[in-house]
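Visitor: below are the sequence and a predicted model; questions follow.
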Amino acid sequence: MSQTLLGTPDAHATLVAAAPPTPLLSIHDLVVQYRTERGLVDAVRGVSFDVAPGKVTAVVGESGSGKSTVAQSVIGLLAANGRIAGGSITLNERREGPTELVGLSERRWRGLRGRCIGLIPQDPGNSLNPVATIGASVAESLRIHGQKDRRAIRGRVLELLDQVGIDDPVRRAKQYPHEFSGGMRQRVLIATAIANDPELLIADEPTSALDVTVQRTVLDLLDRLRQETGTGLLFITHDLAVAAERADSVVVMRGGAVQEAGPSERVLTRPESEYTRQLMADAPAFGNPGKRERIVVVDVAEGVGSDPEPLISVAAPASPVLEVRELRQEFRGRAELPRSSRSMMCRLRFHVERHTR
Ligand SMILES: Nc1ncnc2c1ncn2[C@@H]1O[C@H](COP(=O)(O)OP(=O)(O)OP(=O)(O)O)[C@@H](O)[C@H]1O
């Protein structure tokens with residue numbers, strides 16, 4: 001007598017293997033409001049999406065679309081005038097299983113924040129205590145979560161600094177934030193965020209305050225650490241090109257709502273929503289190559305005197321100064337401009353594809 005398909009052990013194994021993994025984070029129908037002089041404002045209106053374990057989910061959208069509000073809700077750090085008015089945020093926590101984050105008491109948040117969810121903030125300049133040494137800042141995140149043994153803490157701090165690529169950690173740990181560059185400070189903040197092996201990292205525009213040359217190394221570092229530790233990453237960015245390069249899935253937000261969500265490869269190559277298409281068309285380093293015009297940049301010179309901006313000459317620009325200014329911005333995101341040789345002519349040749357409207 002033939003067995004039913006479901007009855008065979010092999011078929012069962014196949015079905016189990018094919019089942020999608022339980023999401024690390026599930027946001028369902030999230031509504032967030034801010035109290036303002038004009039009354040209550042809905043900043044997030046019914047947002048739902050998941051973050052898979054060990055994967056990168058990028059939330060993209062223009063300024064004011066609600067990206068940071070979602071991130072702040074997930075880590076329980078909404079501004080004092082903000083409140084979650086509806087929905088749920090469930091963290092599938094390694095130790096305690098599914099944990100509802102909406103309505104969590106501050107006491108429970110203190111146990112969870114930093115231990116289960118790490119935050120990499122936007123501005124490394126303002127996020128470290130200026131009067132604490134680098135070592136003390138990283139150590140603090142370990143102490144908060146119960147680490148008491150001074151020797152173990154010191155060892156772990158040095159290990160973390162080394163892990164995020166800070167040379168000579170013994171010497172560096174004794175220095176203060178002002179002795180570190182922006183990129184180095186961001187590495188320290190990443191070390192702090194991963195100190196307690198969180199299952200979820202939230203990075204809110206982690207490189208937007210950094211020089212373009214440093215942005216890539218910091219993003220590479222995040223990629224490497226994520227792969228090493230298996231941490232899921234909720235990545236807030238306005239940069240679609242970065243999302244395309246780094247994210248497994250993308251959530252496109254507009255006006256506090258999700259316009260479109262799915263695997264980044266699909267969303268950013270075959271968008272279903274007109275808004276995503278528009279965002280892609282407007283992104284300088286992104287979009288439909290068929291709609292681009294090629295401009296050859298013939299010279300880039302370091303700015304001189306009171307104008308530190310790079311001076312860029314283009315062959316046959318479609319229109320004058322304004323576009324050259326736009327091009328400077330575009331360069332920031334695309335190529336390393338030589339900064340060291342001020343006033344020295346740098347003969348560089350770049351091919352820049354510029355979107356034409
Ligand atoms: N503390 C606040 N009080 C009142 N309104 C706020 C507050 N914080 C944010 N908002 C408003 O909520 C909406 C969403 O803001 P949010 O910062 O989440 O957007 P965003 O997509 O992260 O933007 P950006 O990329 O500029 O940071 C905006 O209309 C913003 O003005």
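Guide: That came in fine, so what should we check first?
Visitor: S141 is in contact with P198, isn't it?
Guide: No. Judged on CB atoms under 8 Å, S141 makes no contact with P198 at a distance of 10.3 Å. The way it works is simple: take the backbone N, C-alpha and C, and place the C-beta from them, glycine included.
Visitor: what do these two both touch?
Guide: The contact sets of S141 and P198 overlap at G114 (CB atoms under 8 Å, 6 or more residues apart in numbering).
Visitor: hang on, Q278 in a helix?
Guide: Yes. Assignment of Q278 by DSSP: H, G, I helix; E, B strand; the rest coil places it within a helix.
Visitor: what's the neighbour count on it?
Guide: For Q278, the neighbour count with other CB atoms under 10 Å is 14.
Visitor: quick check: it vs the ligand, distance?
Guide: Separation of Q278 from the ligand (CB to the nearest ligand atom, to the nearest Å): 16 Å.
Visitor: just the pLDDT at that residue, thanks.
Guide: The score at Q278 is 87. That number is its pLDDT.
Visitor: how much space between it and V252?
Guide: To V252, Q278 is 10 Å away according to CB to CB, to the nearest Å.
Visitor: and what of L279?
Guide: From L279 to V252 the distance is 7 Å (CB to CB).
Visitor: between the two, what contacts are shared?
Guide: Common neighbours of L279 and V252, counting by CB under 8 Å, 6+ apart, are V60, G61.
Visitor: what strand or helix carries the residue most central in space within the chain?
Guide: When CA atoms, centre = their mean is applied to the chain, the residue found nearest the centroid is F235 (3.3 Å). Remark: F235 resides in strand 232-236, with elements defined by DSSP states H and E.
Visitor: list the buried residues for the helix or strand following that strand?
Guide: For strand 232-236, the succeeding helix or strand toward the C-terminus, using DSSP H and E, is helix 240-246. For helix 240-246, a neighbour-count test (16 or more other CB atoms under 10 Å) marks L240, A241, V242, A243, A244, R246 as buried.
Visitor: could I get the phi/psi values of G118?
Guide: phi -100, psi 150 (degrees, to the nearest 10).
Visitor: assign a three-state SS to the closest residue to it other than its chain neighbours, would you?
Guide: What sits nearest to G118 in space, not counting adjacent residues and going by CB to CB, 6 or more residues apart in numbering, is A193, at 3.5 Å. Under three-state DSSP, A193 falls in the helix class.
Visitor: over to R224?
Guide: Per three-state DSSP, R224 ends up helix.
Visitor: next up, the contacts around it.
Guide: Contacts of R224 by CB under 8 Å, 6+ apart: none found.
Visitor: got phi/psi on the residue of the stretch 101-250 of the chain found nearest the ligand?
Guide: Evaluated by CB to the nearest ligand atom, the stretch 101-250 of the chain has H238 as its residue closest to the ligand, separated by 5.4 Å. Dihedral angles of H238 (phi, psi; degrees, to the nearest 10) stand at phi -100, psi 0.
Visitor: so for it, what's the pLDDT?
Guide: With respect to pLDDT, H238 scores 85.
Visitor: pull the contacting residues for it.
Guide: Residues near H238 by CB under 8 Å, 6+ apart: V60, G61, E62, S63, K67, E205, S208.
Visitor: can you pull out the strands in the stretch 1-150 of the chain?
Guide: If DSSP state E, counting those that start in this stretch is used as the criterion, the strands of the stretch 1-150 of the chain fall at 25-36, 39-51, 56-60, 82-93, 97-100, 117-120.
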